[in-house]
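**Q** Fold the following for me, if possible:
(chains A and B)
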Protein chains: 2
Amino acid sequence: MSQMARNASLSGFPELLPQERMIEQHVIDSLRKSFELHGFASIETRAVETVEQLLRKGEIDKEVYAVSRLQADEGAAEAALALHFDLTVPFSRYVVENAGYLAFPFRRYQIQKAWRGERPQEGRAREFTQADFDVVGDGVLPFRHDVEIVLLAVEALSALPIPEFRIRVNNRKLAEGFYRGLGLEDTPGVLRSIDKLEKIGPDAVARLLSEELGASEKQAQAALALAQISSADLDFVRQVRALCEQHGVQNDLLEEGLEELSSVLSAAMGRAPGTVLADLSIARGLDYYTGTVIETVLVGHEALGSICSGGRYDALARKGNRTFPGVGLSIGVSRLLARILSQQLATASRSVPTAVYIALTSDQDWAAAQDLAVTLRSRGIATEVAVAAEKFGKQIKFADRRGIPFVWFLNQEGGHEVKDIRSGEQVPADPESWLPPAEDLHVLVQPN
Amino acid sequence: MSQMARNASLSGFPELLPQERMIEQHVIDSLRKSFELHGFASIETRAVETVEQLLRKGEIDKEVYAVSRLQADEGAAEAALALHFDLTVPFSRYVVENAGYLAFPFRRYQIQKAWRGERPQEGRAREFTQADFDVVGDGVLPFRHDVEIVLLAVEALSALPIPEFRIRVNNRKLAEGFYRGLGLEDTPGVLRSIDKLEKIGPDAVARLLSEELGASEKQAQAALALAQISSADLDFVRQVRALCEQHGVQNDLLEEGLEELSSVLSAAMGRAPGTVLADLSIARGLDYYTGTVIETVLVGHEALGSICSGGRYDALARKGNRTFPGVGLSIGVSRLLARILSQQLATASRSVPTAVYIALTSDQDWAAAQDLAVTLRSRGIATEVAVAAEKFGKQIKFADRRGIPFVWFLNQEGGHEVKDIRSGEQVPADPESWLPPAEDLHVLVQPN
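**A** The predicted structure follows:
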């Protein structure tokens, strides 16, 4: 029974059944393992920020949830608080507050819930889990970390029970350099217009560029042509060079962007051919990105939106005249999960952690059965003990209904037997050495 | 550097440094492992409940945090929401809403944050993490689950890096039966008074009993005498019987309570002698408990308050005329952690997950070093790669500063060597077979 078959009792706040939660745990465990194998440490930030902090970047459109004590002390001035709507704003505050205690470059991951009061739809809940991973430097952060982050994204996403994905990478320097080379100086304005390409189409974007930014027809067409370029190899360089030649564009920032994007593609092509694309239409809104920008789609599920986004920012945070440049990505765990569950892309092998159910022959055996359970658990086998010596048929049925694969019998003579209730096979077993098959020891989550 | 040395930038909302978070992760992982070995499945509930739901039990004193959209749609009636202040109220709602999808007895654990707007102090934050585990039945729930829950608490707490603890157990039936046998019919009233024993002392409680409940001096002294009884074995039965004889008390509910509490003690005495006490002063306020009640203190840290509390309730939830009895406990993860950190009761072996840092001999080796990192990671070794071929001394110093124990060198001739930077020992190593000592493979968290 999938989550999607039930209605959340509060719209936008879905809750999972135990067997669905197992898939979520698997996804989170898998991400954690990938992050830690790459040397990223976990942190968590508090759920609330001051409203002032949250709205500093003018993000009022994120539909912030304000938090206040129902019985606030009269007259006591407390800062206005709100639930965080992403993990970037809290992380940037955390870095500034704890800079003196962190070793830079600081590699952190953060898997937490966030809240936005938007209209709920599939893949867009009001309460959702994000998995962020960033490398942050103190003053400087070598570009190679951008490449590293993309390689980690490939690895982390590949380990999940999800369909094929495409990581689409662009570079702000490339785009901005090109616009400047064209003679368009309001590069944020051009980016803002190009960002609307998928939504409003090329003609409307061209109109925006000419009406709002005073671009000539030729400039507008050139900017649009740049956004059409994509390749799964280094061919995008040839395409950009051809476009530059056509429009007489020469620019140092553009060269830097080309080189950076080429480095990302070269590294990814060797590791995971076809998975990482140079896609010059990726703009990532306005935000704070200054170099690499990344979005990721699931093949066949493009309408779900990006499931892993982010990029390079020259100043994630500032403290006096100290800046903290960073590069990182955010994986939409809840968005992925909603799709996994609604389309049954993965399943858990059972709905309880329990591998063995110890049946009772007599009510007096309960203490002995508890001792046996301690032995099995000490060997990593999740075990439950029956509470009453009902008929074996009834005890087996109970285990079956709970989805437990094995029932253990303590014979009156002190012998042990274990039954696989799926096959019906029953064999003698030694509590000190018996193990279920590897695929039954723990709950397995596998893609369908 | 401990958390306690820094001030939370928002009072009551502490945040951990990476090495502190590792201890928290260890505590949570350890609890999860214990719960799952006993067949408990994980669930999470949303952070918010309707205010109506939260205040249903008159819990206004829990200092609820209300949640509302900063830009709520005008005229759109949305239910008033608030952050949950514990995990019991949300769980009871979850059981009612999902009863049709759950197999009973339902064994669940839930490790999540909760929020209360109380005045912050050590062990009492405004944002805190609880770990709850309960067994819930549909209509009935055999008493043996009470015993099971206590044994699980012993096991789960024993696995944590904390000092010795004492699980203090009482039984409501025992106390209520005794009060009734004494002729005191307002048993909730008596419990409410006895619950104040530690705070206001026996004289004041005797006064309350006589002034508010009309108890005679003899009745009041008998009720107080019952609360003084405790034992780490079955001696409490003898003491209760003596008191009953003295006051001519005979009561069936009392007998039931005595038998239940004896079962808990008998099972615990075999497993963990001295850890579980019968303590007849435990009242657990009013709440919804109907049998077993439990509180737990850390030896030498009694002022911290209970770190694991709960008990048996005959109706955690109701759905029409269907009731869901349960028994369960709640571990105060944040309370434990605050004490572990402030008194350095445990430490993490390093502050990053990374075990190996691959140094670069030349900048051109970076891609080869990434390949090497993939090999090491595939064997479970957390690995980082240097981004620039700085002097070896500088690269080693960098690893040291980040707390990484091993530096790996790729020789120009394709050979590999690995250096333990704590001992200085450097040996040839094969990436396909080398492993760090077990205690260096993962971050180890150990009690001091």
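
**Q** When you work out contacts or count neighbours from here on, use the C-alpha atoms and nothing else.
**A** Noted.

**Q** Tell me how many other residues surround the spatially closest residue to A:L209 that is not a sequence neighbour.
**A** Excluding its sequence neighbours, the residue lying closest to A:L209 (Cα to Cα, 6 or more residues apart in numbering or on different chains) is A:A215, at 5.5 Å. Burial measure for A:A215: 21 neighbouring residues, criterion other Cα atoms under 10 Å in any protein chain shown.

**Q** List phi and psi for A:A215.
**A** Main-chain dihedrals, A:A215, degrees, to the nearest 10: phi -70, psi 140.

**Q** Flag the helix or strand of chain A with the lowest per-element mean pLDDT.
**A** helix A:51-55 (a mean of 85; mean pLDDT, DSSP states H and E).

**Q** List the contacts of the helix or strand just after that one.
**A** Where DSSP states H and E defines the elements, the next helix or strand beyond helix A:51-55 is strand A:65-69. The contact list for strand A:65-69 (Cα atoms under 8 Å, 6 or more residues apart in numbering or on different chains) reads A:48, A:51, A:80-83, A:115-117, B:63-70, B:117.

**Q** which residues of the stretch 301-448 of chain A fall in strands?
**A** For the stretch 301-448 of chain A, the strands defined by DSSP state E, counting those that start in this stretch occupy A:308-319, A:322-332, A:346-348, A:356-359, A:383-385, A:406-410, A:416-420, A:426-428, A:445-447.

**Q** Distance from the last one to the middle of the chain?
**A** When you say that, I think you mean strand A:445-447. Averaging C-alpha positions (Cα atoms, centre = their mean, to the nearest Å) puts strand A:445-447 17 Å from its chain's average.

**Q** Does chain B have contacts with it?
**A** No: against chain B, strand A:445-447 shows no contacts by Cα under 8 Å from any Cα of the partner chain, the least distance being 14.5 Å.

**Q** Okay, and A:A222 sits in which element?
**A** Using DSSP H and E, A:A222 sits in helix A:217-228.

**Q** buried set for that helix?
**A** Across helix A:217-228, burial judged by 16 or more other Cα atoms under 10 Å in any protein chain shown covers A:Q219, A:A220, A:Q221, A:A222, A:A223, A:L224, A:A225, A:L226, A:A227.

**Q** What of stretch A:199-206?
**A** Quick answer for stretch A:199-206 (16+ other Cα under 10 Å): A:P202, A:V205, A:A206.

**Q** export the residues you listed to a markdown table and tack on distance to A:L17 and secondary structure?
**A** Formatted as a markdown table, those follow (distance: Cα to Cα, whole Å; DSSP: H, G, I helix; E, B strand; the rest coil):
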| residue | distance to A:L17 | secondary structure |
| --- | --- | --- |
| A:P202 | 44 | helix |
| A:V205 | 45 | helix |
| A:A206 | 49 | helix |
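
**Q** would CSV of the residues you listed with distance to chain B and pLDDT be doable?
**A** As requested, these are exported to CSV (distance: Cα to the nearest Cα, whole Å; pLDDT from 0 to 100):
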residue, distance to chain B, pLDDT
A:P202, 33, 94
A:V205, 30, 95
A:A206, 33, 95
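
**Q** Columns distance to B:A272 on top of those, output as CSV?
**A** Output for these, formatted as CSV (distance: Cα to Cα, whole Å):
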residue, distance to B:A272
A:P202, 73
A:V205, 73
A:A206, 76
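
**Q** and the most centrally placed residue in chain A, what is it in contact with?
**A** When chain A is reduced to its mean C-alpha position, the nearest residue by Cα atoms, centre = their mean turns out to be A:I331, at 2.1 Å. By Cα under 8 Å, 6+ apart, the residues touching A:I331 are A:Q130, A:A131, A:D132, A:I307, A:C308, A:S309.

**Q** returning to what we had before: out of the strands of the stretch 301-448 of chain A, indicate the one that is most buried.
**A** Highest mean neighbour count among the strands of the stretch 301-448 of chain A (mean count of other Cα atoms under 10 Å in any protein chain shown): strand A:356-359, with a mean of 27.

**Q** Parallel or antiparallel, which strands does that one pair with?
**A** In the sheet containing strand A:356-359, its partner strands are strand A:383-385 (parallel), strand A:406-410 (parallel), by DSSP bridges.

**Q** can you pull the pLDDT of the closest residue to chain B within the stretch 301-448 of chain A?
**A** Among all residues of the stretch 301-448 of chain A, A:A382 sits closest to chain B, at 3.8 Å; criterion: Cα to the nearest Cα. We have a pLDDT of 98 for A:A382.

**Q** cool, and A:R335?
**A** For A:R335, the model assigns a pLDDT of 96.

**Q** Name the nearest residue to it, ignoring sequence neighbours.
**A** Excluding the flanking residues, the one nearest A:R335 by Cα to Cα, 6+ apart is A:G123, at 4.2 Å.

**Q** Against A:G139, how distant is A:T323?
**A** In this view, A:T323 and A:G139 are 5 Å apart by Cα to Cα, to the nearest Å.

**Q** Mind giving me the packing neighbours of the least confident helix or strand of chain A?
**A** Using 3 or more Cα pairs under 8 Å, 6 or more residues apart in numbering or on different chains; DSSP states H and E as the contact test, the elements touching helix A:51-55 are strand A:81-83.

**Q** re the thing from before, can you add distance to B:L337 and give the strands of the stretch 301-448 of chain A back as JSON lines?
**A** Output for the strands of the stretch 301-448 of chain A, formatted as JSON lines (distance: least, Cα to Cα, whole Å):
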{"stretch": "strand A:308-319", "distance to B:L337": "29"}
{"stretch": "strand A:322-332", "distance to B:L337": "28"}
{"stretch": "strand A:346-348", "distance to B:L337": "32"}
{"stretch": "strand A:356-359", "distance to B:L337": "33"}
{"stretch": "strand A:383-385", "distance to B:L337": "29"}
{"stretch": "strand A:406-410", "distance to B:L337": "37"}
{"stretch": "strand A:416-420", "distance to B:L337": "41"}
{"stretch": "strand A:426-428", "distance to B:L337": "45"}
{"stretch": "strand A:445-447", "distance to B:L337": "32"}
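
**Q** if we can go back for a sec, quick check: nearest residue in space to the residue nearest to the centre of chain A, chain neighbours excluded?
**A** Distances taken as Cα to Cα, 6+ apart put A:C308 closest to A:I331, at 4.3 Å, once the chain neighbours are dropped.

**Q** That neighbour reaches A:L329, doesn't it?
**A** Yes: between A:C308 and A:L329 there is a contact under Cα atoms under 8 Å: 6.3 Å.

**Q** Helix, strand or coil: sort out the residue of the stretch 151-300 of chain A found nearest chain B for me.
**A** At 7.5 Å from chain B, A:A267 is the closest residue in the stretch 151-300 of chain A, using Cα to the nearest Cα. When classified by DSSP: H, G, I helix; E, B strand; the rest coil, A:A267 comes out as helix.

**Q** Count the neighbours of it for me.
**A** For A:A267, the neighbour count with other Cα under 10 Å is 18.

**Q** likewise the one 4 residues further on?
**A** By the measure other Cα under 10 Å, the count of residues near A:R271 is 17.

**Q** near chain B, which residues of the stretch 101-250 of chain A show up?
**A** A:Y101, A:L102, A:A103, A:G117, A:E127, A:P142, A:R144, A:H145.

**Q** Just the closest of the residues you listed to B:E185, please.
**A** If you rank those by distance to B:E185 using Cα to Cα, A:E127 comes first, at 47.5 Å.

**Q** How is A:Q250 assigned, secondary-structure-wise?
**A** coil.

**Q** I figured it was touching A:A242, is that so?
**A** No: counting by Cα under 8 Å, A:Q250 sits too far from A:A242 to count as a contact (11.7 Å).

**Q** Fine by me, thanks again.
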